[in-house]
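Trainee: Model the structure of this input:
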Amino acid sequence: MGSAPSRSLISGSERAKGYEWTGKISYYHYVSYAKDLDELIAHINKNKISKVFLYTTPLYEKLPWIFYYLGFFHTYVVFCTETRRGKFWWSLEKNGEALILQMSRNVEDVRDKNEGEKRIKKTGYWRPDLNTEDESSISFRQLYDYIIVDTDQLNIKYNFSDENCKKFAKIVFDKIARNKRWDYVV
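Mentor: Got it, this is the predicted structure:
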């Protein structure tokens with residue numbers, strides 16, 4: 001396992017409390033030497049994304065299967081980069097406050113946790129559901145430019161009905177995936 005997780009904000013100041021959109025990326029890592037932003041920027045500028053996965057989890061822990069099948073679920077993207085140091089696993093998602101970027105050497109950290117906390121706490125039998133996966137041929141830099149510059153995702157406030165985790169995950173997955181598209185309609 002990696003060392004203790006740590007979080008930093010790419011665009012400065014303290015993280016907002018509650019569900020107020022901050023227009024920031026919250027960077028959470030499970031790798032001790034990746035604490036500074038220079039290391040993150042190096043990953044973004046130099047690494048290719050080799051594989052992408054789209055996961056869903058229930059939004060509610062009480063009767064999760066009912067809400068899940070009614071369309072109340074959280075969606076996020078996990079992807080892998082390969083470097084001279086080996087594989088790195090990343091997750092990218094949108095919540096009510098910010099875009100969340102996580103990095104680890106272990107896929108379980110980014111797939112099963114959100115900022116160090118288990119994604120699903122009380123329903124022990126429920127795990128993140130792999131919806132689809134694909135190979136990728138784009139660089140991390142291309143993804144970054146697409147999210148930050150081309151589609152301006154930091155300035156699109158979260159809205160439960162349409163500008164939500166599902167729409168963001170679709171945008172990200174469809175950009176990274178070589179052959180597939182997620183056919184979810186927001």
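Trainee: who's in contact with residue 83?
Mentor: Each residue near residue 83 by C-beta atoms under 8 Å, 6 or more residues apart in numbering is listed here: 43, 46-47. (Each C-beta comes from the backbone N, C-alpha and C, glycine too.)
Trainee: Show me which of the residues you listed are buried.
Mentor: By neighbour count, with 16 or more other C-beta atoms under 10 Å, these hold 43, 47 as buried.
Trainee: Take the contacts of residue 83 and write them to JSON lines, including distance to residue 25 and pLDDT.
Mentor: Output for the contacts of residue 83, formatted as JSON lines (distance: C-beta to C-beta, whole Å; pLDDT from 0 to 100):
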{"residue": "43", "distance to residue 25": "13", "pLDDT": "89"}
{"residue": "46", "distance to residue 25": "19", "pLDDT": "92"}
{"residue": "47", "distance to residue 25": "17", "pLDDT": "93"}
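Trainee: From the contacts of residue 83, pick the one nearest residue 135.
Mentor: residue 47 (15.3 Å; C-beta to C-beta).
Trainee: For the nearest residue to that closest one once chain neighbours are set aside, name its beta-bridge partners.
Mentor: Leaving aside its chain neighbours, residue 47 sits nearest to residue 81 (4.0 Å; criterion: C-beta to C-beta, 6 or more residues apart in numbering). For residue 81, the beta-bridge partners under DSSP bridges are residue 49, residue 88.
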